[in-house]
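Chemist: 3D, please:
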Amino acid sequence: MTMKIGVAGGGAWGTALACVLARKTPEAVPITVPITVPIYVHEPRTVENINQHRENIDFLPDQPLPENLQASDDMHALAACDSVLMVTPAQFARHTIETLATILPTHASLVLCAKGVERGSLKFMSQVAAEFLPEDRLAVLSGPSFAADVAAGLPTAVTLACADAVQGAGLCAALERPGFRPYLSDDVLGAEIGGAVKNVLAIACGIVRGKKLGESARAALPSRGFAEMQRLGMALGARAETLSGLSGLGDLVLTCASTTSRNFSLGVALGEGSKAADILGQRVSVSEGASSAQAVCALAARHDVEMPICTAVNDVLAETCSVDTAIERLMSRPLARE
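Modeler: Residues are numbered from 1 along each chain as shown. Next comes the predicted model:
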């Protein structure tokens, strides 16, 4: 029996994942009639664009969308799904998760695809979701994946982390498509830490580009940033191999050098002299790194973990110091062992 999977969230990433689901499954699971893929979208204008024009003009322009993708601004459109990919931005995810928990069938799983830490509670998305659903119904999808690449069917490998091995294997099989390959892990928190921290580090990498600090700095920053990711991960109980895999180092490599990344491009603009509030105010899409930087730094402080690069990013975003001052502070820190 084919698993019916829907998507909650109509931004670029949610739309890209819906495109994946709408594709023909591998030959081992033959389907004669294309399965309708429901996607919950908050904005009525986006619902109309997807259903009438087969394009998400605001969030994923110039990408034709499959005919079997059906958008709705009513979350009950997902009520018959066996699994839902939750792609609402991290700072708005709690309400979406709570609502889904009340309308999904009792067997249905929730795959968390937002990368971030909730401000205030300092919880990762799986910890927020665990307030409403049993742990064995939760999974995390993360890894190096630009929405435009995924929607276009270009080769992509991701991590699917689930505490329940049987549930996780079933989700991997259900999500696999030509060009989209999930790798199974049971380190849920490790997969989330990588995704959340790399978003903040990507802003720092963008600042290096925008400030024209040179190729040496461009190489050093993600390396030292990865050390920060590892320190926080170890303090929170993540496994080293998870952080060095697709959802950690892999995702960092992708976002630390490409303006396709919203976080990296934010950093470039900051490095060129723009103010964070001005940049973010002009954007339609969410830059998760900007939203989570404060929470990541607070989480590090709670566990007595040094994360100077993430702290510098948070200070620049909060406009408590300039980019130049942040760079000076980083370069004048006491010398340490690698």
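Chemist: just checking, residue 194 touches residue 243?
Modeler: Yes. Applying CB atoms under 8 Å, one finds residue 194 in contact with residue 243, separated by 5.6 Å. Bear in mind the C-beta positions are built from the backbone N, C-alpha and C, glycine included.
Chemist: which neighbours do those two share?
Modeler: 229, 233, 249 (CB atoms under 8 Å, 6 or more residues apart in numbering).
Chemist: Nearest to residue 21, out of these: which one, please.
Modeler: Nearest to residue 21 among the shared contacts of residue 194 and residue 243 is residue 249, at 27.1 Å by CB to CB.
Chemist: between the shared contacts of residue 194 and residue 243, which has the most around it?
Modeler: Within the shared contacts of residue 194 and residue 243, neighbour counts (other CB atoms under 10 Å) peak at residue 229, which reaches 28 neighbours.
Chemist: Now that one: closest residue in space that isn't a chain neighbour?
Modeler: Spatial nearest neighbour of residue 229, excluding adjacent residues (CB to CB, 6 or more residues apart in numbering): residue 197 at 4.4 Å.
Chemist: and if you look at residue 272?
Modeler: Here the residue nearest residue 272, using CB to CB, 6+ apart, is residue 210, at 4.3 Å.
Chemist: Over to residue 182?
Modeler: In space, residue 182 is closest to residue 160, 4.1 Å off (CB to CB, 6+ apart).
Chemist: Need the pLDDT of the one you found.
Modeler: Residue 160 is assigned 98 on the pLDDT scale.
Chemist: I'd assumed residue 174 was in contact with it.
Modeler: No. Counting by CB under 8 Å, residue 160 does not reach residue 174; the two are 9.9 Å apart.
Chemist: Would you mind giving the domain segments of the protein?
Modeler: Using automatic domain parsing, the domains assigned to the chain come out as 5-186, 189-331.
Chemist: Serialize those to a markdown table and add fields for distance to residue 338.
Modeler: Below are those laid out as a markdown table (distance: least, CB to CB, whole Å):
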| stretch | distance to residue 338 |
| --- | --- |
| domain 5-186 | 25 |
| domain 189-331 | 8 |
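Chemist: Can you say which of those is nearest to residue 337?
Modeler: Of the domains of the chain, nearest to residue 337 by CB to CB is domain 189-331, at 11.0 Å.
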